[in-house]
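Q: Predicted model follows, preceded by the sequence.
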Amino acid sequence: MQYISTRGSIAPISFTKAVMMGLATDGGLLLPESIPTIDQNTLAAWRNLSYPELAFEVISRFADDIPATDLRELINRSYATFTHPEITPLVSHGDLHIMELFHGPTLAFKDVALQFLGNVFEYLLKQSGGKMNILGATSGDTGSAAIYGVRGKERIKIFILHPHKRVSPIQELQMTTVTDENVFNLAIRGTFDDGQAIVKGIFNDIDFKEAHQLGAVNSINWARILAQVVYYIYAALQLGDNSKSVDFSVPTGNFGDIFAGYVARRMLPHGTIGRLILATNENNLLTRFVQNGDYSLGSVVQTISPSMDIQVASNFERYLYYLLGEDAQKTAKAMQSFADNGKLHFDQGQQEKIRMDFVAQSTNEEETITTISDFYREHGYILDPHTAVGVNSALANRDADTPMVCLATAHPAKFAEAVDKAIGRDPEMPASFADLEQRPSRCEIIDAKVDAVRDFLAEHAL
């Protein structure tokens with residue numbers, strides 16, 4: 001399997017080179033040259049596989065330059081850190097199936113991909129004798145999951161930017177209380193979009209990137225998307241059959257999680273995965289894109305679902321590449337236009353295609369609180385505010401004859417203030433984080449400027 005850039009200006013590369021490259025050197029995002037397809041017989045043979053076994057079957061089709069024995073070991077080690085035997089279990093409440101993606105070390109769906117990616121980085125660096133300085137930006141959960149994926153690992157340092165006081169207290173503590181020598185937390189005086197722009201700016205400085213062996217853990221890294229594809233297939237196998245599709249409601253701000261669903265749907269026999277419902281909070285860039293073809297920048301609104309407080313969706317370019325007929329030249333031109341003007345225009349035909357691929361709905365803060373409250377009252381189950389955005393969208397768009405899976409992207413304890421506002425009490429904190437507030441912490445507050453971050457990285461990098 002070879003990988004190409006959405007902007008078409010690099011020669012095809014292998015999976016392992018794509019993982020290490022992160023952002024393509026031409027500024028684009030990496031994608032497989034083709035998406036492998038799975039027939040009904042193969043899908044039926046997968047039905048009784050455990051989650052790690054299924055992960056191997058899916059990932060091995062994209063990662064054929066890692067020996068099968070080694071890949072199995074990497075996958076098994078990655079999911080041995082999860083506290084639930086099914087890794088991403090489904091629980092049913094009313095008409096909905098909640099897929100709990102928060103049983104990893106940091107209680108968020110990012111663990112599903114970042115435990116795997118951290119182990120792949122370590123494996124490849126050990127083989128090559130190389131080193132890596134990981135640079136990433138987080139709106140909340142990616143940072144802690146990335147840190148837990150590589151903390152204490154040899155040949156790696158990690159530098160994570162988060163928007164100062166714009167993540168939940170638990171999210172902040174999960175990052176800043178990891179005091180391993182190879183971990184650096186940088187709180188920037190700005191928004192997540194500022195941090196994401198800084199990261200892309202530094203990665204686009206090819207000389208600096210190569211001099212410091214920079215690696216990416218944000219969902220610009222293809223391995224992140226690939227690992228998330230697995231749980232869509234896992235859910236479809238649990239709930240679907242040859243005559244019935246499965247719908248998914250996905251809370252998203254960066255377009256990565258729902259893009260994984262888009263890849264899964266393209267892999268599987270037609271009709272296995274039905275509608276992909278794109279659920280946003282007030283930061284509704286992606287909802288406007290789906291509903292009206294309006295992909296234009298707005299101002300970031302700070303909400304109780306902070307991981308979705310995003311205006312520039314970093315994975316959008318991957319979908320744009322397919323929307324534009326896999327034409328890298330058109331994609332590069334469109335992204336340059338967006339960089340120049342802050343907006344893109346889509347004609348009627350393109351808008352119709354977008355609405356065939358996705359349904360979208362925005363949920364405001366009041367509706368989010370009400371959803372948490374109502375769901376708890378009716379089912380005794382506590383939703384975190386991001387999952388509540390997905391559940392509200394699912395309830396508004398469900399089809400009685402089609403199973404609906406809502407992705408539960410974080411444990412509610414990570415957002416105790418929002419939960420308390422909705423149900424009048426804090427959710428129970430898992431034992432692994434009960435003493436979080438008492439742990440030593442370390443963090444640098446820094447200006448949201450490329451030069452400031454670049455200088456810090458140059459001073460502390462391997």
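A: Right, received. Where do you want to start?
Q: Please count neighbours and contacts with C-alpha atoms only from this point.
A: Will do.
Q: and residue 32, how many residues sit next to it?
A: Neighbours of residue 32 under the rule other CA atoms under 10 Å: 19.
Q: Ramachandran coordinates for the nearest residue to it once chain neighbours are set aside?
A: Spatially, and ignoring its direct neighbours in sequence, residue 32 is nearest to residue 3 (4.3 Å; CA to CA, 6 or more residues apart in numbering). With angles defined as degrees, to the nearest 10, residue 3 sits at phi -120, psi 140.
Q: Can you get me a residue count around residue 3?
A: Residue 3 has 23 neighbours, counted by other CA under 10 Å.
Q: Let me know the distance separating residue 337 from residue 311.
A: Going from residue 337 to residue 311 by CA to CA, to the nearest Å gives 16 Å.
Q: Which positions within stretch 371-389 qualify as buried?
A: Buried residues in stretch 371-389, counted by 16 or more other CA atoms under 10 Å: 371-375, 382-389.
Q: so of these, which ones are in helices?
A: The members of those that map onto helices under DSSP state H are 371, 372, 373, 374, 375, 385, 386, 387, 388, 389.
Q: Hmm, the fifth one is touching residue 385, no?
A: No - Residue 375 is not in contact with residue 385 according to CA atoms under 8 Å; the separation is 11.7 Å.
Q: quick one: which two of the ones in helices among the buried residues of stretch 371-389 are the most distant?
A: Distance extremes for these: the farthest pair is 374 and 386 at 15.2 Å, using CA to CA.
Q: What's the mean pLDDT across the helix or strand harbouring residue 125?
A: Under DSSP states H and E, the secondary-structure element containing residue 125 is helix 110-128. For helix 110-128, the mean per-residue pLDDT is 96.
Q: now do stretch 343-356
A: 96.
Q: And stretch 251-262, by the same measure?
A: 96.
Q: can you dump the C-alpha coordinates of it into PDB?
A: This file holds the C-alpha atoms of stretch 251-262, laid out as PDB (Å, rounded to 0.1, in the frame of the first residue of the first chain):
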ATOM      1  CA  PRO A 251     -19.600  14.600  17.700                       C
ATOM      2  CA  THR A 252     -16.800  16.300  15.800                       C
ATOM      3  CA  GLY A 253     -15.000  19.600  15.400                       C
ATOM      4  CA  ASN A 254     -11.900  18.500  13.500                       C
ATOM      5  CA  PHE A 255     -13.500  16.200  11.000                       C
ATOM      6  CA  GLY A 256     -11.100  13.300  11.900                       C
ATOM      7  CA  ASP A 257     -13.500  11.000  13.700                       C
ATOM      8  CA  ILE A 258     -16.300  11.200  11.200                       C
ATOM      9  CA  PHE A 259     -13.800  10.900   8.300                       C
ATOM     10  CA  ALA A 260     -12.700   7.600   9.800                       C
ATOM     11  CA  GLY A 261     -16.400   6.600   9.400                       C
ATOM     12  CA  TYR A 262     -16.400   7.800   5.800                       C
END
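Q: hmm, who's touching it?
A: Under the criterion CA atoms under 8 Å, 6 or more residues apart in numbering, residues 219, 225-226, 228-229, 232, 250, 276, 278-280, 283, 286, 307-316, 319, 357, 386-387, 389-390, 407, 409 lie in contact with stretch 251-262.
Q: redo that, cut-off 7 Å
A: 219, 225-226, 228-229, 232, 250, 278-280, 308-310, 313-316, 386-387, 389-390 (CA atoms under 7 Å, 6 or more residues apart in numbering).
Q: Tell me which of the residues you listed fall in strands.
A: 250, 278, 279, 280 (DSSP state E).
Q: can you count the residues close to the third one?
A: As a burial measure, residue 279 scores 29 neighbours (other CA under 10 Å).
Q: Buried residues in stretch 330-339, which are they?
A: Neighbour-count burial for stretch 330-339 [16+ other CA under 10 Å]: 330, 331, 332, 334, 335, 338.
Q: Any stretches of this structure with poor pLDDT?
A: Scanning the chain for pLDDT under 70 picks out 242.
Q: Strands along the stretch 251-400 of the chain, start to end?
A: 273-280, 294-296, 343-345, 359-362 (DSSP state E, counting those that start in this stretch).
Q: Name every strand pairing with the third one and say which way it goes.
A: Read it as strand 343-345. strand 294-296 (antiparallel) (DSSP bridges).
Q: what's next to the strand it pairs with, contact-wise?
A: 285, 288, 289, 342, 343, 344, 345.
Q: from those, which is closest to residue 14?
A: Distances from residue 14 to those, taken by CA to CA, are shortest for residue 344, at 31.6 Å.
Q: which non-adjacent residue is nearest the closest one?
A: Per CA to CA, 6+ apart, closest to residue 344 is residue 295, 5.4 Å.
Q: can you count the residues close to the one you found?
A: So residue 295, with other CA under 10 Å, has 22 neighbours.
Q: Residue 132 touches residue 154, doesn't it?
A: No - between residue 132 and residue 154 there is no contact, the gap being 9.5 Å when judged by CA atoms under 7 Å.
Q: Looking at these two, which is more packed in?
A: residue 132 (21 against 13).
Q: Could you measure from the more buried one over to residue 121?
A: 8 Å.
Q: likewise residue 152?
A: 13 Å.
Q: Equivalent analysis for residue 427, please.
A: Between residue 427 and residue 121 the computed distance is 35 Å (CA to CA).
Q: Of the two, which one has the most company?
A: residue 121 (24 against 19).
Q: For that one, which non-adjacent residue is closest in space?
A: residue 20 (7.5 Å).
Q: hang on, that neighbour is in a strand, isn't it?
A: No - using DSSP: H, G, I helix; E, B strand; the rest coil, the assignment for residue 20 is helix, not a strand.
Q: doesn't residue 215 make contact with it?
A: Yes - under the criterion of CA under 7 Å, residue 20 makes contact with residue 215 at 6.1 Å.
Q: more crowded one of the two?
A: residue 215 (25 against 22).
Q: so what's that one up against?
A: Counted by CA under 7 Å, 6+ apart, residue 215 has contacts 20, 21, 22, 132, 133, 134, 135.
Q: Who does the last one form a beta bridge with?
A: This points to residue 135. residue 159, residue 216.
Q: List the contacts of it.
A: 158, 159, 160, 199, 214, 215, 216.
Q: What are the neighbouring residues in contact with the closest residue to residue 119 other than its chain neighbours?
A: Distance criterion CA to CA, 6+ apart; nearest residue to residue 119, sequence neighbours excluded, is residue 74 at 6.3 Å. By CA under 7 Å, 6+ apart, the contact set of residue 74 is 116, 119, 120.
Q: nearest residue to residue 27 other than its sequence neighbours?
A: residue 204 (6.2 Å).
Q: actually residue 353, not the one I wrote
A: Using CA to CA, 6+ apart, the closest residue to residue 353 is residue 323 (7.7 Å).
Q: and what of residue 227?
A: For residue 227, the spatially nearest residue (CA to CA, 6+ apart) is residue 113, at 5.0 Å.
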